[in-house]
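>>> 3D, please:
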Amino acid sequence: MSAASAEHHDHDDHHGPAPGLNRWLYTTNHKDIGTLYLLFSLVMFFIGGGMALIIRAELFQPGLQLVDPLFFNSMTTMHALVMIFGVVMPAFVGLANWMIPMMIGGPDMALPRLNNWSFWIMPFAFLLLLSTLFMEGGGPAGGWTLYAPLSLQGGDSFAFVIFSIHFMGISSVMGSINIVATIFNMRAPGMTLMKMPLFVWTWLITAFLLIAVIPVLAGAVTMLLTDRYFDTSFFSAAGGGDPVMYQHIFWFFGHPEVYILILPAFGIISSIIPTFARKPLFGYASMVYATASIAFLSFIVWAHHMFTVGMPLAGEMFFMFATMMISVPTGVKVFNWIATMWRGSMTFETPMLFAIGFLVMFTIGGLSGLMLAITPADIQYHDTYFVVAHFHYVLVPGAIYSIMAATYYWLPKWTGNMYDEKWGKIHFWVSTIFLNVLFFPMHFVGLAGMPRRIPDYSMQFADWNAVATIGAFGFGFSQLIFVYVVLRCMKGGEKATAEVWEGADGLEWTVPSPAPYHTFETPPAIR
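Residues are numbered from 1 along each chain as shown. Below is the predicted model of the structure:
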């Protein structure tokens, strides 16, 4: 063995990827960590989905048939916590880990060890959360908002729930700091902020939102903890506290959190639509400003979740108009996506189908949100199934569809293999049909007065609930197609070309096409 090869061999022993499990435990590679986040999110998706199916099975017909009402409350609470903190956020962080360094021309994330740590906190946080279901008194049953004083009545599991939420928050804040540091410090020469792909922009803004609001949640749940175990009375009226104060603090976190769950989706859709329309994104700068506007406005609309608590009229008016203002930058985005598709050479591969599904159904969710912004109307809609229909139309075809679109879009780049297009399209159509069968009837029963978070209901709501439950099981089981497509693609298949999607480099639209008649923007020259 020559000296050079011996030295190379020695170097590999110390610094090469360790075999098997060690590689994944100690990895500081942004792609490995991105993969871990995405796989963790997929596992939690099926756990949270299983909880949703328990809820829907109980609601298939009136009367209590399957589960104890307290366990039902635990399921509604845990389903939300798992889906928000265990599915959507980790999936977006996984996509950020995978794609941001490549999109800005950086070698890796700025803080690789912190990156490893922020992932490995997550499984422990969720083991802690899920373990509460096996404790005396059962899991948390006060709704995912953990409203005082209801949430303070739970069993011994309460402290574990709070502890797990702290862990999730630490993980999110560390991941966000890493993303901000990466975007500001690791860009290739010439990659100015206004040349960054929109996915990078949306994540930069999302990371600032997370850093701003996660400590607010931590403060709120810590006050709950001291109210429960240390005889403070922050939220107890008997001791001079105010339960409505908890709602203000929680929603000051909770409303920006809703945008944390959707802004990265906007970035994904802004990458996919130009690729399959084979046109540059219409109005890049306006998309950046719209995203920043949405982020700013998200801090001043929190009390639209609280129109029924007895706020002064001036407060209700302010929050109503501020909420309606958010529809302006959101409308700008929807218009820009449609304008990008206008007169484009469109093809409808699976990522594009999910992107268009996102556009149509997210807009339905946005319109019902505008209805909920109207104070006198909201007083009627509040805590009915109409609200459940609204936020599921925003989060399932919004956040979940965008994650699936991103997976199909970037899988060839990640694995080197092409996924099975036929099964991808089947997955989209089956999911979309069942999704609407599941959530659309909830608008009807909500407007008819069916309250949310209840295990039993009045006879007149029976038919639509049965329809929704059939939709839920159809949607849930159709996600097995997704797992099949992804696993098959990871194992092998037709090799992906260097330019995965014709007319794009698999990342962003860069190849100019002939300018269509009545084009909105001149295609950029290749730099």
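
>>> need the contact list for the residue most central in space within the chain.
The residue lying closest to the centre of the chain (C-alpha atoms, centre = their mean) is residue 88, at 3.2 Å. Each residue near residue 88 by C-beta atoms under 8 Å, 6 or more residues apart in numbering is listed here: 41, 261, 395, 399, 400, 403. The way it works is simple: take the backbone N, C-alpha and C, and place the C-beta from them, glycine included.

>>> Using CSV, please lay out those residues together with secondary structure.
Below are these laid out as CSV (DSSP: H, G, I helix; E, B strand; the rest coil):
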residue, secondary structure
41, helix
261, coil
395, helix
399, helix
400, helix
403, helix
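
>>> Most neighbours of all these, which one?
residue 399 (27 neighbours; other C-beta atoms under 10 Å).

>>> Skipping its backbone neighbours, what lies nearest that residue in space?
residue 88 (4.6 Å; C-beta to C-beta, 6 or more residues apart in numbering).

>>> how close does that neighbour get to residue 356?
20 Å (C-beta to C-beta, to the nearest Å).

>>> Kindly report the same for residue 272.
9 Å.

>>> More neighbours: the two, which one.
Ranked by neighbour count (other C-beta under 10 Å), residue 272 and residue 356 place residue 272 first, with 28 against 22.

>>> OK, contacts around that one?
Counting by C-beta under 8 Å, 6+ apart, residue 272 has contacts 351, 352, 354, 355, 405, 406, 409.

>>> Now name the helix or strand holding it.
helix 263-277 (DSSP states H and E).

>>> tell me the phi and psi of residue 65?
phi -120, psi -30 (degrees, to the nearest 10).

>>> And for it, the neighbour number?
By other C-beta under 10 Å, neighbour count at residue 65 equals 12.

>>> What sits closest to it if chain neighbours are left out?
For residue 65, the spatially nearest residue (C-beta to C-beta, 6+ apart) is residue 58, at 6.9 Å.

>>> and the one you found, what is it in contact with?
By C-beta under 8 Å, 6+ apart, the neighbours of residue 58 are 64, 65, 66, 67, 72, 455.

>>> change it to 7 Å
Neighbouring residues of residue 58 by C-beta atoms under 7 Å, 6 or more residues apart in numbering: 65, 66, 67, 72, 455.

>>> So which of these is the closest to residue 344?
Ranked by distance to residue 344 (C-beta to C-beta), the contacts of residue 58 are led by residue 72 at 47.6 Å.

>>> what helix or strand is that closest one on?
Short version, using DSSP H and E: residue 72 is in helix 69-81.

>>> Could you give the average pLDDT over that helix?
Mean pLDDT, computed over helix 69-81, is 96.

>>> got the buried residues for it?
Burial within helix 69-81, assessed by neighbour count using 16 or more other C-beta atoms under 10 Å, is assigned to 71, 72, 73, 74, 75, 76, 77, 78, 79, 80, 81.

>>> May I ask which helix or strand of the chain has the lowest mean pLDDT?
helix 3-15 (a mean of 42; mean pLDDT, DSSP states H and E).

>>> And the next helix or strand past that one?
Heading C-terminal from helix 3-15 (DSSP H and E), you reach helix 21-26.

>>> how far does stretch 181-196 stretch from start to finish?
Start and end residues of stretch 181-196 are separated by 15 Å (C-alpha to C-alpha, to the nearest Å).

>>> Contacts for it, please.
100, 101, 104, 105, 106, 109, 110, 111, 200, 204, 285.

>>> which residue sits closest to residue 205, ignoring its sequence neighbours?
According to C-beta to C-beta, 6+ apart, the nearest residue to residue 205 is residue 295 (4.8 Å).

>>> residues near the one you found, how many?
So residue 295, with other C-beta under 10 Å, has 21 neighbours.

>>> Just the buried positions in the helix or strand containing it, please.
Using DSSP H and E, residue 295 sits within helix 284-297. For helix 284-297, a neighbour-count test (16+ other C-beta under 10 Å) marks 284, 286, 287, 288, 290, 291, 292, 293, 294, 295, 297 as buried.

>>> do stretch 127-135 as well
For stretch 127-135, using 16+ other C-beta under 10 Å, the buried residues are 128, 129, 130, 132.

>>> The contacts of stretch 181-196: which two are farthest apart?
So for the contacts of stretch 181-196, where distance means C-beta to C-beta, the most widely separated pair is 111 and 285, at 29.9 Å.

>>> quick one: pLDDT of residue 496?
Confidence score, pLDDT, at residue 496: 86.

>>> Just give the number of residues close to the closest residue to it other than its chain neighbours.
Leaving aside its chain neighbours, residue 496 sits nearest to residue 412 (3.6 Å; criterion: C-beta to C-beta, 6+ apart). For residue 412, the neighbour count with other C-beta under 10 Å is 20.

>>> Also residue 321?
Counted with other C-beta under 10 Å, residue 321 comes out at 12.

>>> now do the one 3 residues further on
Residue 324 sits with 15 neighbouring residues when counted by other C-beta under 10 Å.

>>> quick one: it and residue 189, what's the gap?
For residue 324 relative to residue 189 (C-beta to C-beta), the value is 43 Å.

>>> ok, now residue 244?
From residue 244 to residue 189 the distance is 53 Å (C-beta to C-beta).

>>> So between the two, which is more surrounded?
Shown here are residue 244 and residue 189; by other C-beta under 10 Å, residue 244 has more neighbours (17 against 6).

>>> and the closest residue to residue 53 other than its chain neighbours, what element?
Among residues not flanking residue 53 along the chain, residue 476 sits closest, at 5.4 Å (C-beta to C-beta, 6+ apart). Secondary structure assignment for residue 476, by DSSP H and E: helix 462-491.

>>> How far away from the center of its chain is the longest helix belonging to the chain?
In the chain, ranked by residue count with DSSP state H as the criterion, the top helix is helix 198-229. Computed by C-alpha atoms, centre = their mean, to the nearest Å, the chain-centroid distance of helix 198-229 equals 15 Å.

>>> Show me which positions of that helix end up buried.
Quick answer for helix 198-229 (16+ other C-beta under 10 Å): 198-214, 216-218, 220-221, 223-225, 227-228.

>>> Measure how that helix sits relative to helix 284-297, angle-wise.
Helix 198-229 and helix 284-297 are oriented at 10 degrees to each other (axes from the mean of the first three to the mean of the last three C-alpha atoms, to 10 degrees).

>>> C-terminal to helix 198-229, what's the next element?
Taking DSSP H and E, what comes next after helix 198-229 is helix 243-260.

>>> Pull that next one out as PDB, backbone CA atoms only.
Coordinates of each C-alpha in helix 243-260 appear next as PDB, following Å, rounded to 0.1, in the frame of the first residue of the first chain:
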ATOM      1  CA  PRO A 243     -58.500  32.400  32.100                       C
ATOM      2  CA  VAL A 244     -59.000  34.700  29.100                       C
ATOM      3  CA  MET A 245     -55.400  35.900  29.500                       C
ATOM      4  CA  TYR A 246     -54.200  32.300  28.700                       C
ATOM      5  CA  GLN A 247     -56.200  32.500  25.400                       C
ATOM      6  CA  HIS A 248     -54.500  35.800  24.500                       C
ATOM      7  CA  ILE A 249     -51.000  34.400  25.200                       C
ATOM      8  CA  PHE A 250     -51.700  31.100  23.500                       C
ATOM      9  CA  TRP A 251     -53.200  32.700  20.300                       C
ATOM     10  CA  PHE A 252     -50.400  35.200  20.200                       C
ATOM     11  CA  PHE A 253     -48.300  32.100  19.500                       C
ATOM     12  CA  GLY A 254     -51.000  30.200  17.800                       C
ATOM     13  CA  HIS A 255     -51.900  32.500  14.900                       C
ATOM     14  CA  PRO A 256     -48.300  33.000  13.700                       C
ATOM     15  CA  GLU A 257     -48.000  29.200  14.100                       C
ATOM     16  CA  VAL A 258     -50.800  28.800  11.500                       C
ATOM     17  CA  TYR A 259     -48.600  30.700   9.000                       C
ATOM     18  CA  ILE A 260     -45.500  28.800  10.000                       C
END
